[in-house]
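> starting from these lines, generate the structure:
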Amino acid sequence: MKEFQKILNIAVIAHVDAGKSTLVDAFLGQSHVFRDNEEVVDCVMDSNDLERERGITIYSKNCSVNYKDYKINVVDTPGHADFSSEVERIIKTVDTVILLVDSSEGPMPQTRFVLQKSLEAGLRPILLINKIDKRDARATEVIDMVYDLFLDLNANDEQLDFPILYGIAREGIVRKSLDDTNTDIMPLFETILEHCDAYPDVSEEPLQMQVSALAYDDYIGRLGIGRVYSGTLKEASQVIVCDEDGKQQRCKVNQIFIYRGLSRVAVSEAQCGEIVMISGISDISIGDTVCNTDAVLPMPSIKIEEPTLSMNFMVNSSPFAGKSGKYITSRNIKERLEKELEVNVGLKVEPTDSTDCFKVSGRGELHLSILLENMRREGYEVAVSKPEVIFHRVDGQLLEPVEEVVCSVPNEYSGSVISKLNLRKGVMVDIVDEGTYTRVEYMVPTRGLLGYRSEFINDTRGEGTMVRRLAGYEPYKGEINQRSNGALISTENGSAMTYALWNIQERGQLFITPQTEVYTGMIIGRAAKDMDMDVNPIKNKKMTAVRSSGADEAMKLVPAKILSLEEALEFINDDELVELTPDSIRLRKRYLTALERKQYNRNIAKNDEE
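Purely as a prediction, here's the structure:
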């Protein structure tokens, strides 16, 4: 019989950009997971290309470190509100959480959410005030704010007696006091061992392992990730899998993997307390309990958050369809979405009246745009519609999702931000003067925030920060105006010319540069007025109009605004689409010709009258 190992599972939770992944880097670096000559990148846990580019954690990941005679499994969790359902599930598998709070920002909306879930699960958090080297650090005030937050969330006396540490995660430093001078992370390891007991030895009890996350491997298929709560899990063993509806099925666990450092290692058996990954059960899902065949003891099911936004994924039907993508048919798109459903439980895919269109629902704009960006990079071509909020009807009343929004903006721009949020049916909750900055808290319908981020950046000259999280559902707030500017629409097919763009730029802001290929119905810019404008971007200057003396003035174009995927999704209206291909992101009208658009508008007006 193998000796029972002391195991501790911890999760690092915080708001976006508080330093979670950087702290995990320090964990790994100072516990000698890497070889001395191994080249290590920053935020090593953010292994996905998109995570590296955006500097955020999108998928929760596991690793392990050894300290003294303990094995510590560390889970790096996402900080963005769109992935909060993942954080909620992870918390069920850990013994304690390290709550990271920025030394100047203090607790943010997402901090509240992840802390609330930790307290509800009965965990006793460890508070780590990070970035204490900031010039505007105010650790003492931030600790008071965290205490207030704990009280707001009804923490019990034991949870309120949390240890407080101070750190500079980027430099791998954690201290028990602001006056300490150590330059390592050891005080954090010691605090974890003092604060938290190792998982008890319940190996002799019947097997219980609950799946809290999913993964997919091209060779071995679907993988279930979760914690062994009791008993011992053995490879090639017969088990009973219980789903949330109470249905039981006999299955065989093929392989068992555990984490050593950053690696996934196959083992013959896993003891209780361990976080494992199992293969062999093709339809395993989140919340399923794996039990012994002779002792079926299902655990309470895990509730998965409902989607709040949906958009239509369509086959790309533009004149440029198929020029750069490998996967362009509805069958390709359907297969890719089904593959995504294997691991992305926050996603929902429904058929529509058309075989070329699928309704895809997710947790927010970022959740859906990450999927689209991954598809684009994999060689898919797809057209998508404007994101729409998912309404609920309860007892005959229409409810819509409402978000808590916290904005920190320079004082001179606060009036503009408050005005815009009021127009978007927002209700002010709090306003705080922070010297040169003003912090405002609002409750705003999700509908009102669609398309607002880029407007917010412009209004605050890039100096404001805006964070948001889903707060719940409230009665429908009434009509909210769409985009106030029209679009500049190409009337021709061909290459855009400098001469034409030079004349068009007076009418609005361009989204394209000279020599960009355009087609009829493609949106090439934002109009300065609140109406769409048809323009010809391929018109060139007649050779007869060019003076031989070369005295023509040089045509200087204002730099074009090249839209990112999120900005493109924010910009479009109901009658517009975003066309995604591996090499470009284009905007277009749903109906390409002016005649088709006129007929569409006529039908809309007719339906409104009826």
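> for the stretch 1-150 of the chain, what spans make up the helices?
Assigned by DSSP state H, counting those that start in this stretch, the helices in the stretch 1-150 of the chain fall at 20-30, 49-54, 84-91, 109-120, 139-152.
> of these, which is nearest Tyr499?
helix 49-54 (35.6 Å; CB to CB). Backbone N, C-alpha and C define where each C-beta goes, glycine included.
> and the average pLDDT for that closest one is what?
Across helix 49-54, pLDDT averages out at 47.
> quick one: pLDDT of Arg112?
pLDDT for Arg112: 75.
> what's near enough to touch it?
149, 152-153, 469 (CB atoms under 8 Å, 6 or more residues apart in numbering).
> how about the residues you listed in TSV, adding pLDDT?
Output for the contacts of Arg112, formatted as TSV (pLDDT from 0 to 100):
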residue	pLDDT
Leu149	88
Asp152	86
Leu153	86
Arg469	76
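> mind checking the helices of the stretch 1-150 of the chain for the one nearest to Ala266?
Per CB to CB, nearest to Ala266 of these: helix 20-30, 21.1 Å.
> buried stuff in the closest one?
20-30 (16 or more other CB atoms under 10 Å).
> can you lay out the residues you listed as a markdown table showing pLDDT and distance to Lys339?
Formatted as a markdown table, the buried residues of helix 20-30 follow (pLDDT from 0 to 100; distance: CB to CB, whole Å):
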| residue | pLDDT | distance to Lys339 |
| --- | --- | --- |
| Lys20 | 71 | 28 |
| Ser21 | 73 | 26 |
| Thr22 | 80 | 32 |
| Leu23 | 82 | 32 |
| Val24 | 78 | 28 |
| Asp25 | 78 | 31 |
| Ala26 | 80 | 35 |
| Phe27 | 77 | 32 |
| Leu28 | 78 | 30 |
| Gly29 | 76 | 35 |
| Gln30 | 71 | 38 |
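> show me which of these is closest to Ile390.
Lys20 (29.3 Å).
> correct me if wrong: Tyr259 contacts Asn73.
Yes - using CB atoms under 8 Å, Tyr259 makes contact with Asn73 at a distance of 6.3 Å.
> overlap in contacts, these two.
62-64, 275.
> so of those, which ones are in strands?
Here DSSP state E is the test, and those give 62-64, 275 as lying in strands.
> picking up where we left off before, for the contacts of Arg112, give me a markdown table that also has neighbour count and distance to Ile143.
A markdown table is the format used below for the contacts of Arg112 (neighbours: other CB atoms under 10 Å; distance: CB to CB, whole Å):
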| residue | neighbour count | distance to Ile143 |
| --- | --- | --- |
| Leu149 | 18 | 11 |
| Asp152 | 12 | 15 |
| Leu153 | 15 | 16 |
| Arg469 | 21 | 22 |
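> and the helix or strand harbouring Ile604, what does it pack onto?
Secondary structure from DSSP states H and E places Ile604 in helix 594-609. Judged by 3 or more CB pairs under 8 Å, 6 or more residues apart in numbering; DSSP states H and E, helix 594-609 is in contact with no other helix or strand.
> buried sites along it?
For helix 594-609, using 16+ other CB under 10 Å, the buried residues are Arg597.
> scan the chain for its longest strand.
The chain, longest strand under DSSP E: strand 397-410.
> right, and the helix or strand after it?
Per DSSP H and E, the helix or strand that comes after strand 397-410 is helix 414-423.
> send the alpha carbons of that following helix over as CSV?
Extracted in CSV, the C-alpha atoms of helix 414-423 (Å, rounded to 0.1, in the frame of the first residue of the first chain):
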residue,chain,number,x,y,z
SER,A,414,-16.7,62.0,-15.3
GLY,A,415,-19.7,64.2,-16.5
SER,A,416,-19.6,62.6,-20.0
VAL,A,417,-19.4,59.0,-18.6
ILE,A,418,-22.3,59.7,-16.2
SER,A,419,-24.4,61.2,-19.0
LYS,A,420,-23.8,58.2,-21.3
LEU,A,421,-24.6,55.6,-18.6
ASN,A,422,-27.8,57.5,-17.7
LEU,A,423,-28.8,57.4,-21.4
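> just the mean pLDDT for it, thanks.
pLDDT averaged over helix 414-423 gives 91.
> swap in stretch 585-592?
92.
> what does it rub up against?
Contacts of stretch 585-592 (CB under 8 Å, 6+ apart): 318-320, 376, 383, 385, 487, 489, 511, 519-523, 563-565, 568, 571-572, 575-579, 597, 599-600.
> kindly recompute the last result at 7 Å.
318, 489, 511, 520-523, 563, 565, 568, 571-572, 575-579, 597, 600 (CB atoms under 7 Å, 6 or more residues apart in numbering).
> same check on stretch 342-356?
With CB under 7 Å, 6+ apart, stretch 342-356 has contacts from 85, 214-216, 222, 286, 304-305, 307, 312, 314-315, 330, 337, 340-341, 358-363, 367.
> list the buried residues of it.
Buried-residue list, stretch 342-356, by 16+ other CB under 10 Å: 342-347, 349.
> swap in stretch 488-508?
So for stretch 488-508, counting by 16+ other CB under 10 Å, buried means 488-492, 494, 496-505, 507-508.
> state the mean pLDDT of it.
Mean predicted lDDT for stretch 488-508 stands at 92.
> straight-line length of that stretch, end to end?
8 Å (CA to CA, to the nearest Å).
> can you check stretch 89-103 too?
Stretch 89-103: ends 27 Å apart by CA to CA.
> closest one to Asp95 out of the shared contacts of Tyr259 and Asn73, please.
Ile275 (11.0 Å).
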